[in-house]
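Student: pasting the structure only:
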């Protein structure tokens, strides 16, 4: 999420108010520090701070993009370094493992060891049992013995 630069509705409103107050008197002094000069100074100070904030936000966004690009470049170089070790020493070498690579043989062995279930159906003994079967007490031939 990037930060957004901002404007200031308060500055816009104060600038308009300043123009209206100056129409009363260019050197209006209401006492207790409420003067045209002080008001104008605060407007300008606030405007400068908003501009400084927007500059920082812009620089921060640029910095964020730079860091993202550098992260990508670092990831790519990390992959290339590991590939280089694999090329020089081989993927089954101790050096490849030390560099963070995983040995293919070990990773295949460590993966799930599911042995396929092979159902061996032998039809001859079953058919022979049925053929040789005698009838049971109900008068029917049993399927299996």
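Tutor: Sure, I can see it. Please read all numbers here as calculations on a predicted model, not as lab measurements.
Student: so where's this protein uncertain?
Tutor: Where the chain drops to pLDDT under 70, the residues are 1, 104-145.
Student: Now do the helices for it: every range, in order, please.
Tutor: Along the chain, counting by DSSP state H, helices occupy 9-24, 36-89, 94-98, 104-110, 123-132.
Student: quick check: angle from the longest one to helix 9-24?
Tutor: Orientation note: helix 36-89 sits at an angle of 160 degrees relative to helix 9-24 (axes from the mean of the first three to the mean of the last three C-alpha atoms, to 10 degrees).
Student: Tabulate the helices of the chain in a markdown table, adding columns for distance to residue 2.
Tutor: For every residue, glycine as well, the C-beta is placed using N, CA and C. What follows is those, written out as a markdown table (distance: least, C-beta to C-beta, whole Å):
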| stretch | distance to residue 2 |
| --- | --- |
| helix 9-24 | 22 |
| helix 36-89 | 5 |
| helix 94-98 | 40 |
| helix 104-110 | 39 |
| helix 123-132 | 71 |
